[in-house]
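Peer 1: Sequence plus predicted model, see below.
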Amino acid sequence: MTTLLSPAAPAAARVSGRLGYLRAAGIYLGVRVLGVVLLAVFAADNGQPLLDRLTAWDGQWYLAIADQGYGGITHGLVDAEGHFAPHTPLAFFPLYPFLMHALATGTGLDSTTAGLLISVVAGIAAALGVYRLGRIAGGEPGAERRGLLLVALWAGAPLSITLSMVYTEALFTAFVAWALVGLVEKRWMLAALCCVAAGLTRPTAVVLVGVVVFAGIVAFARAPRPAPLLAALAAPVGLVGYWLWVAQQTGSLFGWFDLEWHGWHTRFDLGRETFGFVGEQLVQGRSVMEVGNVFVVFLALAAAVLLALRLRDRPGWWPLIAFGAGMVVLVAGTAGIPFAKARFLLPGFVLLLPLAQGLSGRRTSTAVAATAGLVLLGCWFSAYALTGWHYAI
């Protein structure tokens, strides 16, 4: 029997692989353009400038830090309690505003344009990592379709508009995605570097840090080599380093946590506030935003269980289960800003893997229709959150 393989087969496979990444980037950008266009329509109907919506809430803090530094902000911005103190800006992590400042200084762009551009580029990088994990997570059958569906579902999830704003979600998810790629593929330095960067971007990196540290220790215990141990030692450097710097600035070991509690009433309370909020809204919820976040909490819990069931027979993939479950525990167990739960869960894109897996096995028309419906719903919810809702997300 004549073989169908030829010396050109590996080259063709590489080309096909690159096309998959291009498709993933195209799908991500297409969904995000749809989300921004829908926001523009909603904003115009409410008499709100689009650029104001794309730089709202936390975006104003990041712009101020990028332009004036932590010590240069003296007025104009307040915490959730309506107060401002010299240390208030320290609640916001430094990497994103630092990159905004560096890009603006180096190119002559204004900070707003620099911030939006970083979000676009970081979002594409995140989409490529999401696609890579989705493609290899469930085995070869339907691999590319599964990866592309995962990108679309994540890019159009509730409050995914923050991926296109002056917010940290796109940058943080990029680091998360590639750190998880590093863990799954045993590329320890990639995992460590992305984890350090994630720790300088958002406090929710604590889940990623825990997963990388544990994975590195387990790998070293099984086969002593320097790479996993170095990854475990390096992973906390960004997050812990920033917390210690804030402690030095404030004169309190728990300075950052004090800022979060006094300014935003944010602390880990084992879910007491979250589930109290859920119970209240199920009985008397008066807003799409309120009830919508209730369903996000329930869906995240269910998704974590499904993810564990889906990957339980693949021992090398436990970091994805651990990260997904950890994000659910952290978000559900943290008090403060209950209307932003969907946003906080965006970097937990692995929770969407079971849905992407299920849709990848359906007919193309069914998969496309279901995904399009979910994306439209998510983009509508995002647009409403920034125009019809009057509190921070």
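Peer 2: Structure's in. What do you need?
Peer 1: which other residues reach the host helix or strand of residue 381?
Peer 2: Applying DSSP states H and E as the criterion places residue 381 in helix 364-387. In this structure, residues lying in contact with helix 364-387 by C-beta atoms under 8 Å, 6 or more residues apart in numbering are 31, 34-35, 38-39, 41-43, 45-46, 48, 53, 56, 145, 149, 152-153, 155-162, 288-289, 292, 339, 342, 359-360, 362, 393. For glycine as for every other residue, the C-beta is placed from the backbone atoms N, C-alpha and C.
Peer 1: which regions of the stretch 51-200 of the chain sit below the pLDDT cut-off?
Peer 2: The stretch 51-200 of the chain contains residues with pLDDT under 70 at 138-141.
Peer 1: Try it again at 50.
Peer 2: Low-confidence segments of the stretch 51-200 of the chain (pLDDT under 50): none present.
Peer 1: Can you show me the helices along it?
Peer 2: 58-68, 95-107, 111-137, 143-155, 169-184, 188-199 (DSSP state H, counting those that start in this stretch).
Peer 1: Give me the contact list for stretch 123-132.
Peer 2: 20-21, 24-25, 27-29, 32, 147-148, 150-151, 154-155, 163-164, 170, 173-174, 176-178, 180-181, 349.
Peer 1: 6 Å instead, please
Peer 2: 21, 24-25, 28, 147, 150-151, 154, 163, 170, 173-174, 177-178, 181, 349 (C-beta atoms under 6 Å, 6 or more residues apart in numbering).
Peer 1: what number of residues lie near the residue nearest to residue 330 when sequence neighbours are not counted?
Peer 2: In this structure, residue 330 finds its nearest non-sequential neighbour in residue 207, 5.6 Å apart by C-beta to C-beta, 6 or more residues apart in numbering. Neighbourhood size, residue 207 [other C-beta atoms under 10 Å]: 23.
Peer 1: try residue 353
Peer 2: Other residues close to residue 353 by other C-beta under 10 Å number 27.
Peer 1: Next one: it relative to residue 372, how far apart?
Peer 2: 19 Å (C-beta to C-beta, to the nearest Å).
Peer 1: that older thread, ok and the helix holding residue 381 relative to helix 143-155, angle-wise?
Peer 2: Compare the direction of helix 364-387 with that of helix 143-155 by axes from the mean of the first three to the mean of the last three C-alpha atoms, to 10 degrees and you get 20 degrees.
Peer 1: re earlier: ranking the contacts of stretch 123-132 by neighbours, who comes first?
Peer 2: residue 150 (31 neighbours).
Peer 1: can you pull the contacts of it?
Peer 2: Residue 150 neighbours (C-beta under 6 Å, 6+ apart): 130, 134, 352, 356.
Peer 1: Please apply the same query to residue 100.
Peer 2: 66, 111, 114-115.
Peer 1: Now with 8 Å, please.
Peer 2: 62-63, 66, 111, 114-115, 118, 166.
Peer 1: Leaving out sequence neighbours, find the closest residue to residue 238.
Peer 2: Closest residue to residue 238 apart from its sequence neighbours, by C-beta to C-beta, 6+ apart: residue 199 at 3.0 Å.
Peer 1: these two touch, right, that neighbour and residue 236?
Peer 2: Yes - using C-beta atoms under 8 Å, residue 199 and residue 236 qualify as a contacting pair, with a distance of 6.9 Å.
Peer 1: Counting neighbours, go ahead and name the busier of these two.
Peer 2: residue 199 (28 against 19).
Peer 1: show me the contacts for that one.
Peer 2: Counting by C-beta under 8 Å, 6+ apart, the residues that residue 199 touches are 205, 208-209, 235-242.
Peer 1: and of the residues you listed, the nearest to residue 303?
Peer 2: Residue 303 lies nearest to residue 208 out of these, by C-beta to C-beta, at 17.8 Å.
Peer 1: Pull the residues that contact whatever helix or strand the closest one lives in.
Peer 2: If you go by DSSP H and E, residue 208 is part of helix 205-222. Residues outside helix 205-222 that contact it (C-beta under 8 Å, 6+ apart): 172, 175-176, 179, 183, 186, 188, 191-192, 195, 198-199, 225, 228-233, 235-236, 238-239, 319, 322-323, 326-327, 330.
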